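>>> below is the structure, and that's it, no one-letter string:
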């Protein structure tokens, strides 16, 4: 099995084989919490305009996401797991659009199979990949705003790769240390309304969920998210 680590939207476009699109802070942590909170379905889209269109189409939908880290005007929730775990999402359709993560899903057009990636379900991702045993795996870190390398995404990619290869490495200290590097923005008072400290902790709990989220291309170019229990 050949495992390659890529970055950004360009990396998603260049990804081949089984692709894991990784966005730890916060898109694909949020999607796991949304599914766990009872969402009937998630539709990921790269466009705010498309999110509003889908929201008009599906009556029992809520709009979730961000631009520049903040909730989009007119959306129901920001891209915050803290908001999601406090919401009643039972039997709703979550329309999800973010700067980095959902754009990665939409652009992974050359992959055989696409799943989302985060710490909260990393071990499930590794087990899923080992069960399929593809020739090629692409781990795509979407980065901060899809333009700057993000330590958390690259560390998550390294963690998943280590699990697939059966390496006995302890990542807990390095994950915790993200609080002082790429995760320090969650602890700035000026960010508390849209990126609270609880988001950092909810996004960095390894292996909280025992499922993977698979992306299925829709007829309209958006992505249906399918939960696969392990």
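Alright, I've got the coordinates. No experiment lies behind these values; they were computed from the predicted model shown.
>>> in which helix or strand does the residue sitting nearest the centre point of the chain reside?
Closest residue to the average C-alpha location of the chain: residue 28 at 1.8 Å, with C-alpha atoms, centre = their mean. Remark: residue 28 resides in helix 27-36, with elements defined by DSSP states H and E.
>>> packing partners for that helix?
Using 3 or more C-beta pairs under 8 Å, 6 or more residues apart in numbering; DSSP states H and E, the elements in contact with helix 27-36 are strand 41-44, helix 81-86, strand 93-97, helix 101-107, strand 113-117, helix 197-203, strand 211-217, strand 223-229. Backbone N, C-alpha and C define where each C-beta goes, glycine included.
>>> point out the most buried one among these.
Greatest average neighbour count among the helices and strands packed on helix 27-36 goes to helix 101-107 (a mean of 29), per mean count of other C-beta atoms under 10 Å.
>>> and the gap between residue 147 and residue 7?
10 Å (C-beta to C-beta, to the nearest Å).
>>> repeat that for residue 228.
Residue 228 sits 25 Å away from residue 7, going by C-beta to C-beta.
>>> same question, residue 105
The gap separating residue 105 from residue 7 is 15 Å, by C-beta to C-beta.
>>> how about a markdown table for the helices and strands packed on helix 27-36, with mean pLDDT added?
Output for those, formatted as a markdown table (pLDDT from 0 to 100):
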| stretch | mean pLDDT |
| --- | --- |
| strand 41-44 | 98 |
| helix 81-86 | 98 |
| strand 93-97 | 98 |
| helix 101-107 | 97 |
| strand 113-117 | 98 |
| helix 197-203 | 98 |
| strand 211-217 | 98 |
| strand 223-229 | 98 |
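>>> among those, which is nearest residue 170?
Ranking the helices and strands packed on helix 27-36 by proximity to residue 170 (C-beta to C-beta) places helix 197-203 first, at 18.9 Å.
>>> check which helices and strands that closest one sits against.
On a contact count with 3+ C-beta pairs under 8 Å, 6+ apart, helix 197-203 meets helix 27-36, helix 81-86.
>>> next up, the contacts around the residue nearest to the centre of the chain.
21, 22, 101, 116, 117, 118, 213 (C-beta atoms under 8 Å, 6 or more residues apart in numbering).
>>> which one of the residues you listed is nearest residue 36?
Closest to residue 36, out of all of those and judged by C-beta to C-beta, is residue 213, at 10.9 Å.
>>> ok, for that closest one, nearest residue in space, not its chain neighbours?
Spatial nearest neighbour of residue 213, chain neighbours left out: residue 116 (4.4 Å); criterion: C-beta to C-beta, 6 or more residues apart in numbering.
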